[in-house]
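**Student:** Have a look at this prediction, sequence included:
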Amino acid sequence: MLKFLLFLGKSIAYGLALALLILMLPQYTGIQLPLWSSHTEQSEPGPVSYNRAVRRAAPAVVNVYTRSRVVDPRSLRPRTIERQELGSGVIMSAQGYILTNHHVVYGADHIEVALQDGRWLEAVLIGQDEITDLAVLYVQADNLPVIPQDTQLEPQVGDLVLAIGNPLNLGQTITQGIISANGNNGLSSRGYIDFMRMDAAINKGNSGGALVNSNGTLVGINAAAFQLQNQEIQGIFFAVPYQLAHNIMQKLIQHGRVTRSHLGVSGEAVVNAAGDRLISTGQTLYGLTIPSVNPGGPAAEADLRVGDIILSIAGMQFDNMQQAMNLIAETAPDTELLMEIDRNGQRMPLPVTVRELRRDMR
């Protein structure tokens with residue numbers, strides 16, 4: 001009996017010592033003992049969420065409300081009525097500057113913005129640019145949320161984007177898509193062809209809102225949906241690229257308007273001195289041939305002729321026609337630019353003084 005009790009006591013003691021060793025072992029070895037979970041919990045991945053991006057960007061996206069008095073087109077007798085319009089905007093700086101679309105505030109007599117924190121502020125129109133469909137508003141307030149920005153950001157085709165705005169006045173709404181074309185970053189942007197294209201849905205009221213990436217960083221200002229008469233188009237929406245929008249904003253803040261220079265010619269990309277047109281992105285650009293020159297324009301005054309090929313501008317070569325147009329557009333009016341041209345197979349310098357592109361020339 002005594003032997004049995006000794007055996008039983010030793011067994012219990014060994015068991016307790018082993019249990020204590022197991023409990024203490026992870027503290028010294030870093031071994032994590034597996035926790036029990038159901039089969040469903042083990043196999044189910046975590047949800048994909050862009051909540052962090054939305055939390056960073058959404059507070060800086062405002063609702064824009066405008067009022068204006070217009071002539072009632074339905075009335076037989078001339079009378080004015082009050083028209084109300086809806087859009088969105090993006091707080092770009094703590095000083096109170098807000099970017100929105102030109103078409104949102106065009107002709108408005110009164111502009112108000114509603115912040116996501118419940119504040120309503122009266123806004124002043126600083127300036128607007130019809131070509132890029134951008135306008136800058138100013139509000140006076142403290143503790144304004146500012147959209148995250150990165151001036152070095154280079155969005156790529158295929159990047160995921162989120163469109164934030166106030167469609168149909170339903171309240172702030174986020175739609176998701178990808179960038180399908182990058183657009184162009186220069187001042188000469190004109191028409192939807194130069195805008196960033198994506199498939200994050202844009203509806204009435206989204207105009208002027210933010211297009212952000214998966215980090216919540218601004219990549220564009222939402223502008224419009226692609227439309228053709230009597231055709232229903234889906235999945236093609238437009239935004240003004242951030243670099244272009246920021247450039248235009250700075251000019252509007254400084255000068256109240258955007259000045260662009262022009263040369264007064266049309267141009268076609270060619271691959272050689274014979275004037276063979278560039279038809280593929282795989283070809284190397286030789287220069288821009290001139291099929292027409294506007295009478296009385298800067299090019300005509302400088303004796304730039306039909307058939308001439310522009311090889312460089314101010315010592316800079318270019319990869320495409322748009323790049324050359326941007327260089328000219330962003331040059332201050334009345335500035336002389338030295339061009340290198342090919343005329344009948346001979347290279348020669350030609351100084352040209354660019355002039356401001358007036359509204360009646362567009």
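**Tutor:** Noted; the coordinates are in hand.

**Student:** low-confidence ranges in the stretch 151-300 of the chain?
**Tutor:** In the predicted model, the stretch 151-300 of the chain carries pLDDT under 70 at residues 184-193, 227-233.

**Student:** Spell out, range by range, the helices that occur in it.
**Tutor:** Counting by DSSP state H, counting those that start in this stretch, the stretch 151-300 of the chain forms helices over residues 242-255, 298-301, given from the N-terminal end onward.

**Student:** and the ones you listed as CSV, adding distance to V271?
**Tutor:** (Glycine included, C-beta is placed from N, CA and C.) Putting these into CSV (distance: least, CB to CB, whole Å) gives the following:
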stretch, distance to V271
helix 242-255, 28
helix 298-301, 22
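
**Student:** Dump these to CSV, plus distance to Q176 and mean neighbour count.
**Tutor:** Shown next, in CSV, are the helices of the stretch 151-300 of the chain (distance: least, CB to CB, whole Å; neighbours: other CB atoms under 10 Å):
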stretch, distance to Q176, mean neighbour count
helix 242-255, 18, 20
helix 298-301, 46, 20
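
**Student:** Nearest to V113, out of those?
**Tutor:** When the helices of the stretch 151-300 of the chain are compared for distance to V113 using CB to CB, the nearest one is helix 242-255, at 15.9 Å.

**Student:** Show me what the closest one packs onto, helices and strands only.
**Tutor:** Applying 3 or more CB pairs under 8 Å, 6 or more residues apart in numbering; DSSP states H and E, one finds that helix 242-255 contacts strand 97-100, strand 120-129, strand 134-138, strand 218-225.

**Student:** about what we covered before: which one of the helices of the stretch 151-300 of the chain lies closest to E268?
**Tutor:** helix 298-301 (14.5 Å).

**Student:** quick one, what contacts A135?
**Tutor:** Under the criterion of CB atoms under 8 Å, 6 or more residues apart in numbering, the contact partners of A135 comprise 99-102, 104-106, 125-129, 208, 252.

**Student:** Pipe those into CSV and attach distance to E301 per row.
**Tutor:** Putting those into CSV (distance: CB to CB, whole Å) gives the following:
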residue, distance to E301
L99, 37
T100, 39
N101, 36
H102, 32
V104, 39
V105, 37
Y106, 34
L125, 36
I126, 34
G127, 30
Q128, 31
D129, 27
G208, 40
L252, 30
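
**Student:** Just among those residues, which is most surrounded?
**Tutor:** In terms of neighbour count, G208 stands highest of the contacts of A135 at 32 neighbours, by other CB atoms under 10 Å.

**Student:** Let me have the helices and strands packed on helix 242-255 in JSON lines, adding distance to M316 as columns.
**Tutor:** What follows is the helices and strands packed on helix 242-255, written out as JSON lines (distance: least, CB to CB, whole Å):
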{"stretch": "strand 97-100", "distance to M316": "29"}
{"stretch": "strand 120-129", "distance to M316": "25"}
{"stretch": "strand 134-138", "distance to M316": "26"}
{"stretch": "strand 218-225", "distance to M316": "27"}
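
**Student:** Domains in this structure, by residue range?
**Tutor:** Dividing the chain into domains by automatic domain parsing, as the record does, gives the ranges 52-138, 160-255, 261-361.

**Student:** which of those sits most buried?
**Tutor:** Stretch with highest mean neighbour count among those: domain 160-255 (a mean of 20; mean count of other CB atoms under 10 Å).

**Student:** and it, how far from the chain's centre?
**Tutor:** Taking the mean of its C-alpha atoms, domain 160-255 sits 6 Å from the chain's own mean (CA atoms, centre = their mean, to the nearest Å).

**Student:** again with stretch 329-347
**Tutor:** Taking the mean of its C-alpha atoms, stretch 329-347 sits 31 Å from the chain's own mean (CA atoms, centre = their mean).

**Student:** Ends of it, what's the gap?
**Tutor:** By CA to CA, to the nearest Å, the extent of stretch 329-347 from end to end equals 24 Å.

**Student:** Tell me which residue is most central in the chain.
**Tutor:** Among the residues of the chain, the smallest C-alpha distance to the mean C-alpha position (CA atoms, centre = their mean) belongs to G220, namely 1.4 Å.

**Student:** Could you find the closest non-adjacent residue to Q149?
**Tutor:** Spatial nearest neighbour of Q149, excluding adjacent residues (CB to CB, 6 or more residues apart in numbering): L218 at 5.3 Å.

**Student:** In space, what's closest to the residue nearest to the centre of the chain - neighbours in sequence excluded?
**Tutor:** Using CB to CB, 6+ apart, the nearest residue to G220 is A239, at 3.3 Å.

**Student:** mind checking how far the one you found is from R347?
**Tutor:** Distance of A239 to R347, computed by CB to CB, to the nearest Å: 41 Å.

**Student:** just L244 next, same as before
**Tutor:** According to CB to CB, L244 and R347 sit 33 Å apart.

**Student:** Hmm, A314 is touching L338, no?
**Tutor:** Yes. Under the criterion of CB atoms under 8 Å, A314 is in contact with L338, at a separation of 6.1 Å.

**Student:** Tell me who's in contact with N344.
**Tutor:** Contacts for N344 were tallied using CB under 8 Å, 6+ apart; they are G307.
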